[in-house]
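**Q** sequence and predicted structure, then a few things I'm wondering about:
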Amino acid sequence: MTSADVTPEAARAGGAAGGRRGRPGGAGAAGGPPAARARRPRGRFRVPPRLLPYLLLAPAVAAELIVHVVPIAVGVWMSFRDLTLFYIRDWAKAPGKGLGNYRIAVDFDAAIGRDLLGSFLVTVAVTVLAVGLSWLLGTAAAILMQERFRGRGLLRAAFLVPYALPVYAAVMTWGFLFQRDTGMVDHVLVDQLHLTGGDRPFWLIGGNSFWALLTVIVWRSWPFAFLVLMAGLQNVPRDLYEASALDGAGVWRQIRHITLPALRPVNQVLVLVLFLWTFNDFNTPFVLFGKAAPDGGDLISLHIYQTSFITWNFGTGSAMSVLLLLFLLLVTAVYLIATSRRRTARA
């Protein structure tokens, strides 16, 4: 049969049959009710928009609980126990001690309390000097790097090298530099500049350990301050400097009245971060001095480590850690309240 012999009725019947074959249930490709075409595929789970933020935050909250909250809770529990070497095998059965560990830590007439107080004062001195010097060097470098000159990008990268280096490799290198007989520091000061009268000072023991530790901490911290302040200066319009220069303002007046006020919000966060990092620093004194740091380099984090893992008095060490945490929380709260009130009064 040719195509000419096909009647109109047969053509309509074939089209209907084709439509039934094209869709299950006999409905054509263009047929069927609209609700069937708009039906969503089964098995797809849609999160309610109200629950989506909490679902996204859940992994971070779980990690925070595992990494920080649970260890802090265990440390607080240990601070109320007489956990020593005799109970380390089954530390959950250590007898309770109440506030006894805290009394020992703050008894400044006894040896343990006096040592803790001395370590605290050394930590405060190192932190104040390190934060101040790091901020000063970072500010000066950030302001200088705003000017365009040949090699600026290379110099910026060189400034960030101390911050990018692994802490252990960097501090071990400084340990070699501070060696009395073979270190480069004494070689330059004694053999080349003749500043000590021929005596080769010790840098890793005695009173000079304070200055050695301060040097290493500042060397590692100021590139971070430089990086943060340099990023903050990108938001300061250059038109302000050009207009002030036309009005006769010099460099120091521009820094005082334009740069520093513009960097005030950045500095408020930067100083707090540097303070917390330096006060809690453990790696630098541990790698530089070893397990037993001299009095001049006995930061409080290393002192707590010695109390816990050298003398095996975990209960007293935990009490010291809790006291340190409370002190840092208090300082942070006072600092944030003071800076927020200052912002409110200025606004």
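**A** Structure received. Computed from a predicted model, the values in this text were never measured in an experiment.

**Q** and residue 278, what pLDDT?
**A** The score at residue 278 is 96. That number is its pLDDT.

**Q** can you give me the separation between it and residue 120?
**A** 14 Å (CB to CB, to the nearest Å). Glycine gets a C-beta too; all of them are placed from N, C-alpha and C.

**Q** when these two are compared, which one has more neighbours?
**A** Neighbour count, other CB atoms under 10 Å: between residue 278 and residue 120, residue 278 has more, with 23 against 19.

**Q** A strand includes that one, no?
**A** No: counting by DSSP: H, G, I helix; E, B strand; the rest coil, residue 278 is not part of a strand but helix.

**Q** my guess is it contacts residue 130, does it?
**A** Yes: judged on CB atoms under 8 Å, residue 278 makes contact with residue 130 at a distance of 5.0 Å.

**Q** any shared contact partners between those two?
**A** The contact sets of residue 278 and residue 130 overlap at 217, 221 (CB atoms under 8 Å, 6 or more residues apart in numbering).

**Q** and for residue 64, the neighbour number?
**A** Count around residue 64 with other CB under 10 Å applied: 12.

**Q** no wait, residue 324
**A** A count of neighbours around residue 324, defined by other CB under 10 Å, yields 20.

**Q** wasn't it part of a helix?
**A** Yes: according to three-state DSSP, the state of residue 324 is that of a helix.

**Q** can you give me the distance of it to residue 111?
**A** 19 Å.

**Q** residue 105 now?
**A** Counting by CB to CB, the gap from residue 105 to residue 111 is 12 Å.

**Q** more neighbours, the two?
**A** residue 105 (25 against 8).

**Q** any idea how far residue 318 is from the more buried one?
**A** Per CB to CB, residue 105 is found 10 Å from residue 318.

**Q** so where's the chain shaky on pLDDT?
**A** For the chain, the stretches with pLDDT under 70 are 1-43, 347.

**Q** again, 80 this time
**A** When residues are selected by pLDDT under 80, those of the chain lie in 1-45, 197-198, 343-347.

**Q** and the strands in it?
**A** For the chain, strands defined by DSSP state E do not occur.

**Q** tell me who's in contact with the residue lying closest to residue 199 once chain neighbours are set aside.
**A** Nearest non-adjacent residue to residue 199, counting by CB to CB, 6 or more residues apart in numbering: residue 190, 7.4 Å away. With contact taken as CB under 8 Å, 6+ apart, residue 190 is in contact with 196, 198-200.

**Q** and the residues you listed, which is closest to residue 168?
**A** residue 200 (26.5 Å; CB to CB).

**Q** the residue nearest to that closest one when sequence neighbours are not counted: neighbouring residues, count only.
**A** Spatial nearest neighbour of residue 200, chain neighbours left out: residue 186 (4.9 Å); criterion: CB to CB, 6+ apart. Residue 186 is flanked by 20 other residues according to other CB under 10 Å.

**Q** what of residue 133?
**A** 18.

**Q** ok, the residue nearest to it when sequence neighbours are not counted to residue 269 distance?
**A** With sequence-adjacent residues excluded and distances taken as CB to CB, 6+ apart, residue 133 is closest to residue 218, at 4.8 Å. Residue 218 sits 19 Å away from residue 269, taking CB to CB as the criterion.
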